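Engineer: pasting the sequence and the predicted model now:
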Amino acid sequence: MEMFVKLVVLTFVIGLGTVQALPECGVLDERLLHNTYTTTYPNEYPWVGLLMNQGQGGRLTHTRCNVIIIHELHVLTTATCVRKFQKQQRNAAVLLGIRNESHTPENEYVCNEKGFCVPGPVLFQLADIKINPLADKDTGDNDLAILKLTESINYTPYIQPICLQGDTEPDSLTGRNLPFSGFDHSNYLRGKGKAFIVSRQHCNTLTSSKTPWPQNQFCGFPPKTTRFYEATALMGINVVKDVPENFYLVAILAKMYLSGGVTTMIYQDLRPWRDWIKENINSS
């Protein structure tokens, strides 16, 4: 049975063309861009993982926070998700290559009812937590943290990084419908959707903010009220010669509001902080 499972996995991997070099970042399959599914395929958005509490004996529990692979040694999440781990990094870990929250690193392979199998999730320990120096607990602005792993990620079709920057990015995101992906509170499977980005003025009226809106955050509206975990990835698409080529990271989810039946996704903009992210990656 074990040999059969391995053969199924190997056949699928070869079928995906992974005998060739994997893309550098932001792998994109245009066929998956336009479906109406609310959950992802195993190899769709493979940069999304989970931040976990790690207790005594290695017992894992959820933090309800996503992580995003941006480099072979680094993942990104919100500062809010990791503040409690700053002085006890050993109590946090990262699960990558995971599509179903019920799966654990003990699952060498995970299979569906049709016998389709993929490798189980991989656990990584943390070597360092770097919180954005201007992260503001009061306003929530600049809610970013870079997590360095103790060992390099071995990229597979199910564990890959997203690009940090687009080749030709628009000056404004307002009025754009951007894809997002992360785990959520509705079920165990990694979810996805599209958020319509609105102006700061409109966002202020919907969230009833009594203080100036955080400078580096903006609002998006998803088609459903599903509550996604923090650090859900909001993505842009590089288009080359009218063909979508790869995804790049625009922002991560900082929080969600639900008011009057309207769901608002509050995103932390990455664009002002890309140099800070790159400097921390390069210094490692």
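Structural biologist: Looks like it arrived, so ask away.

Engineer: drop to CA atoms for contacts and neighbour counts, all remaining ones
Structural biologist: OK.

Engineer: list the buried ones in the lengthiest strand in the chain?
Structural biologist: Of all the segments of type strand in the chain, defined by DSSP state E, the longest one is strand 243-259. Using 16 or more other C-alpha atoms under 10 Å as the burial criterion, the residues of strand 243-259 that qualify are N246, F247, Y248, L249, V250, A251, I252, L253, A254, K255, M256.

Engineer: try stretch 66-85
Structural biologist: Buried-residue list, stretch 66-85, by 16+ other C-alpha under 10 Å: 66-82.

Engineer: over to stretch 197-217?
Structural biologist: Those would be I197, V198, C203, N204, L206, T207, W213, N216, Q217, for stretch 197-217 by 16+ other C-alpha under 10 Å.

Engineer: thinking again about what came up before, which other residues reach the longest strand of the chain?
Structural biologist: 25-28, 30, 77-78, 140, 143, 162-166, 206-207, 225, 227-239, 263-271 (C-alpha atoms under 8 Å, 6 or more residues apart in numbering).

Engineer: of those residues, buried ones?
Structural biologist: 25-28, 77-78, 140, 143, 162-166, 206-207, 225, 227-238, 263-270.

Engineer: for the chain, just list every one of the helices.
Structural biologist: 2-15, 79-82, 200-207, 274-283 (DSSP state H).

Engineer: weakest of those in terms of mean pLDDT?
Structural biologist: Sorting these by mean pLDDT places helix 2-15 lowest, at a mean of 38.

Engineer: circling back: distance to I277 added to the buried residues of strand 243-259, as a markdown table?
Structural biologist: Formatted as a markdown table, these follow (distance: C-alpha to C-alpha, whole Å):
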| residue | distance to I277 |
| --- | --- |
| N246 | 20 |
| F247 | 17 |
| Y248 | 14 |
| L249 | 12 |
| V250 | 13 |
| A251 | 13 |
| I252 | 14 |
| L253 | 17 |
| A254 | 17 |
| K255 | 21 |
| M256 | 24 |
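
Engineer: of those, closest to T36?
Structural biologist: F247 (18.5 Å; C-alpha to C-alpha).

Engineer: can you get me a residue count around Q86?
Structural biologist: 15 (other C-alpha atoms under 10 Å).

Engineer: oh, that last question was meant for F116, not what I typed.
Structural biologist: Quick note: F116 (other C-alpha under 10 Å) scores 13 neighbours.

Engineer: report the separation between it and Y109.
Structural biologist: Distance of F116 to Y109, given as C-alpha to C-alpha, to the nearest Å: 10 Å.

Engineer: off-centre distance for stretch 216-223?
Structural biologist: Chain-centre distance of stretch 216-223: 16 Å, with C-alpha atoms, centre = their mean, to the nearest Å.

Engineer: sorry, wrong one. I was asking about stretch 87-101.
Structural biologist: On C-alpha atoms, centre = their mean, the centre of stretch 87-101 falls 13 Å from that of its chain.

Engineer: burial of A195, as a residue count?
Structural biologist: Residues near A195, counting by other C-alpha under 10 Å: 22.

Engineer: what sits closest to it if chain neighbours are left out?
Structural biologist: Leaving aside its chain neighbours, A195 sits nearest to P222 (4.4 Å; criterion: C-alpha to C-alpha, 6 or more residues apart in numbering).

Engineer: please determine how far the one you found is located from G55.
Structural biologist: The value you get for P222 to G55, if C-alpha to C-alpha is used, is 35 Å.

Engineer: more crowded one of the two?
Structural biologist: Between P222 and G55, counted using other C-alpha under 10 Å, P222 has the larger neighbour count: 21 against 12.

Engineer: that one: what's it in contact with?
Structural biologist: G193, K194, A195, F196, T263, T264, M265.

Engineer: rerun that using 10 Å as the cut-off
Structural biologist: Residues counted as contacts of P222 (C-alpha atoms under 10 Å, 6 or more residues apart in numbering) are 177-180, 192-197, 262-265.
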